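Just the structure for this:
(one chain, ligands or ions: 1)
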Amino acid sequence: MLFTIPDLLSAEAVADLIAQLEQADTVDGKTTAGWHAKTVKQNQQLDPKHPATAAMIDQVHQVTLKHPLFQSAARPRRIHTLRFNRYSDGMAYGRHTDSALMSGFRSDLSFTLFLSDPDSYEGGELVVEGADSEQAYKLQAGSMLVYPSSSLHRVEPVVSGVRWAAIGWVQSQVRDPAAREILFELDTARRSLFAQYGKTDEFDLITKSLNNLVRRWVD
Ligand code: NI
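Below you'll find the predicted structure:
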């Protein structure tokens with residue numbers, strides 16, 4: 001399942017992050033790519049040793065984990081990896097899949113939090129391939145795309161301007177994407193029922209089923 005979280009960060013929070021990122025040092029993105037992804041990865045990443053990096057990562061980490069849609073749709077066990085990257089001057093990240101394991105943690109879901117105003121750069125779409133089609137995403141600054149780590153995807157060349165984004169990987173409590181989707185839809189349906197009719201017998205039954213399925217499927 002692929003979903004977007006609009007306005008995860010406020011305009012003020014985005015502006016503050018961009019101001020800090022513009023001051024910071026970057027390193028070659030190839031340093032964190034696998035041997036095959038290295039061949040198609042051309043970007044820069046915020047230097048992990050930069051003094052403000054840890055605080056910026058923590059800020060995005062906290063706000064993402066707290067978001068109700070992220071909690072319900074991703075069921076995160078943990079966000080185990082988070083970085084900031086920068087594309088300019090024709091940089092791109094060609095077609096690849098993300099590693100299944102990072103620092104010993106499984107990557108079930110990947111996310112991109114777009115930070116630069118989409119009108120300030122040309123190109124830079126994140127393209128995610130499906131079975132027989134592909135979809136390009138270029139979201140507003142502060143909005144996030146969450147997509148399966150198992151998908152083939154790429155970042156189109158940034159022809160002009162600068163594209164900053166925060167990218168991360170999530171290990172879910174529920175490893176099967178189909179199971180995760182069922183839990184998400186049941187949760188969405190019961191919340192809608194609750195909003196319309198309150199805590200009815202039907203709500204209680206769906207909640208019971210939802211919890212029992214979580215017990216079966218959580219790992
Ligand atoms: Ni990737």
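
so what strands line up beside the lowest-mean-pLDDT helix or strand in the chain?
Counting by mean pLDDT, DSSP states H and E, the chain has its least confident helix or strand at strand 26-28, which shows a mean of 87. According to DSSP bridges, strand 26-28 forms sheet pairs with strand 44-46 (antiparallel).

The chain: helices as residue ranges?
Taking DSSP state H, the helices of the chain run over residues 11-23, 53-66, 68-74, 177-197, 201-217.

which residues does the spatially most central residue of the chain contact?
In the chain, the centroid-proximal residue (C-alpha atoms, centre = their mean) is Phe111; its distance is 1.3 Å. Applying C-beta atoms under 8 Å, 6 or more residues apart in numbering to Phe111 gives the contacts 64, 144-147, 167-170. To be clear about C-beta, it is placed using only N, CA and C from the backbone, and glycine gets the same treatment.

Likewise for Ile79?
61, 64-65, 168-170.

ditto for Arg75
Counting by C-beta under 8 Å, 6+ apart, Arg75 makes contact with 172-174, 180, 183.

Roughly how far does it sit from Asp219?
11 Å (C-beta to C-beta, to the nearest Å).

overlap in contacts of those two?
Listed as contacting both Arg75 and Asp219 by C-beta under 8 Å, 6+ apart are 173-174.

Leu139 against Asp117, yeah?
No: between Leu139 and Asp117 there is no contact under C-beta atoms under 8 Å: 10.8 Å.

The two - which one has more neighbours?
Counted by other C-beta atoms under 10 Å, Leu139 and Asp117 do not tie: Leu139 has more neighbours, with 21 against 16.

mind giving me the domain ranges of the chain?
Domains of the chain are assigned by automatic domain parsing as 3-172, 177-217.

Can you list the strands that the biggest strand by length in the chain pairs with?
Counting by DSSP state E, the longest strand found in the chain is strand 76-88. According to DSSP bridges, strand 76-88 forms sheet pairs with strand 44-46 (antiparallel), strand 162-172 (antiparallel).

returning to what we had before: could you look over the helices of the chain and pick the most buried one?
With neighbours taken as mean count of other C-beta atoms under 10 Å, the helices of the chain reach their highest mean count in helix 68-74, at a mean of 18.

Lovely, talk soon.
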